[in-house]
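Undergrad: got a structure for you, letters missing:
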């Protein structure tokens, strides 16, 4: 079982290697020509478990949703994913629960685990493909390429990427020359868990693509929300997931968080919430997420 660590210039080589491993697992010796199989024949042999909402979305977008037998709790889109067996939170899965679904392929997003559970799957002969983290556009495209080659859907993968690029170009042109509002992303799960996003996060990448500027660029990753940090960030807009907004008691709850009321965003009540998976998964709906946020940040120019 290999874990792929890097994306970027070597993404294609990585994905080709995965495709070779996948092919080697089939019957027949290396180099032997095999008759072409129909899509139905290939799908009949696949029983996939996906761990991570973004990975699940890609598999569905590539036309292999019917091969998924189980997913994790974060796989809430598309609606069909909810009808699959649920394995709980993807970072705390149990090998026994996965094995009970009799999969022959497990696609695990970065952070899936614990590692011992994934190792146990390999020990009983279940192929596990661990994907790298996805927190920016290049990584999102590379994940699509990797999974498209793994599932032998290269053409569909290229079409997905082309569609994302086309829509992002439209947004970029619409926003050309526009001032960028300072956006503060708060990851919240009730009053007890509130974190502010910095550099190297999916939130930073999405804000940039949507014509905003990260309001807390002086730190990496996420850090606890404090009144000093929020006031110092001077956000024009505060962004949360829909689940985070609900957990804080709505807009009034956010305005009552440390320092928020003293910011330009708080004074103007500019609080934006987006669906959790749409906002942070960087899946096939990435262009939709960027367009939606761009409309909220620049309603006068993005239609």
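TA: Perfect, I can see it now. Just so it is clear, the model here is predicted, and its values are computed rather than measured.

Undergrad: low-confidence regions, this protein specifically.
TA: The chain contains residues with pLDDT under 70 at 1-44, 191, 303.

Undergrad: can you do 90?
TA: Within the chain, the stretches with pLDDT under 90 are 1-45, 82, 189-194, 216-219, 225, 229, 300-303.

Undergrad: can you pull out the strands in it?
TA: 48-51, 68-71, 85-86, 105-108, 127-130, 182-188, 194-197, 213-214, 222-224, 237-241, 271-274 (DSSP state E).

Undergrad: could you dump those into JSON lines with mean neighbour count added?
TA: Glycine gets a C-beta too; all of them are placed from N, C-alpha and C. Converted to JSON lines, the strands of the chain look like this (neighbours: other Cβ atoms under 10 Å):
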{"stretch": "strand 48-51", "mean neighbour count": "30"}
{"stretch": "strand 68-71", "mean neighbour count": "23"}
{"stretch": "strand 85-86", "mean neighbour count": "14"}
{"stretch": "strand 105-108", "mean neighbour count": "25"}
{"stretch": "strand 127-130", "mean neighbour count": "20"}
{"stretch": "strand 182-188", "mean neighbour count": "25"}
{"stretch": "strand 194-197", "mean neighbour count": "22"}
{"stretch": "strand 213-214", "mean neighbour count": "20"}
{"stretch": "strand 222-224", "mean neighbour count": "14"}
{"stretch": "strand 237-241", "mean neighbour count": "25"}
{"stretch": "strand 271-274", "mean neighbour count": "20"}
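
Undergrad: for residue 169, which of those is the nearest?
TA: strand 213-214 (20.2 Å; Cβ to Cβ).

Undergrad: turn the strands of the chain into CSV, including distance to residue 161.
TA: What follows is these, written out as CSV (distance: least, Cβ to Cβ, whole Å):
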stretch, distance to residue 161
strand 48-51, 20
strand 68-71, 21
strand 85-86, 29
strand 105-108, 18
strand 127-130, 19
strand 182-188, 25
strand 194-197, 25
strand 213-214, 25
strand 222-224, 28
strand 237-241, 25
strand 271-274, 22
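
Undergrad: quick one: closest of those to residue 152.
TA: Nearest of these (Cβ to Cβ): strand 105-108, 12.4 Å.

Undergrad: distance between the closest one and the chain's centre?
TA: 15 Å (Cα atoms, centre = their mean, to the nearest Å).

Undergrad: which residues are in contact with that strand?
TA: For strand 105-108, contacts defined as Cβ atoms under 8 Å, 6 or more residues apart in numbering pick out 46-52, 55, 59, 90, 98, 118, 121, 126-131, 147, 150.

Undergrad: ok, now stretch 276-288?
TA: 52-54, 57-58, 61, 74, 76-77, 134-137, 139-140, 143-144, 160, 163-164, 166-168, 171, 202-203, 205-206, 239, 241-244, 289, 292-293.

Undergrad: buried ones in it?
TA: 276, 277, 278, 279, 280, 281, 282, 283, 284, 285, 286, 287 (16 or more other Cβ atoms under 10 Å).

Undergrad: please apply the same query to stretch 147-164.
TA: In stretch 147-164, residues buried by neighbour count (16+ other Cβ under 10 Å) are 147, 148, 149, 150, 151, 152, 153, 156, 157, 160, 161, 164.

Undergrad: next step: these restricted to helices.
TA: 147, 148, 149, 150, 156, 157, 160, 161, 164 (DSSP state H).

Undergrad: how about those residues in TSV, adding distance to residue 185?
TA: Listed next are these as TSV, based on distance: Cβ to Cβ, whole Å:
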residue	distance to residue 185
147	27
148	30
149	32
150	31
156	31
157	29
160	26
161	25
164	21
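
Undergrad: now the helices: where do they sit in the stretch 151-300 of the chain?
TA: 154-175, 202-209, 227-233, 242-247, 250-255, 264-268, 276-280, 286-297 (DSSP state H, counting those that start in this stretch).

Undergrad: just name the most buried of the ones you listed.
TA: Each of the helices of the stretch 151-300 of the chain was scored by mean neighbour count; the highest is helix 202-209, a mean of 23, by mean count of other Cβ atoms under 10 Å.

Undergrad: which helices and strands sit right next to it?
TA: strand 182-188, strand 213-214, helix 276-280, helix 286-297 (3 or more Cβ pairs under 8 Å, 6 or more residues apart in numbering; DSSP states H and E).

Undergrad: re earlier: of all the helices of the stretch 151-300 of the chain, which lies closest to residue 220?
TA: helix 202-209 (9.8 Å).

Undergrad: just to revisit the earlier point, of all the strands of the chain, which one comes closest to residue 231?
TA: strand 182-188 (10.6 Å).

Undergrad: from what I can see residue 122 touches residue 116, true?
TA: No. Applying Cβ atoms under 8 Å as the test, residue 122 and residue 116 come out as separate, 10.9 Å apart.

Undergrad: quick one: which of the two has more around it?
TA: Ranked by neighbour count (other Cβ atoms under 10 Å), residue 122 and residue 116 place residue 122 first, with 14 against 8.
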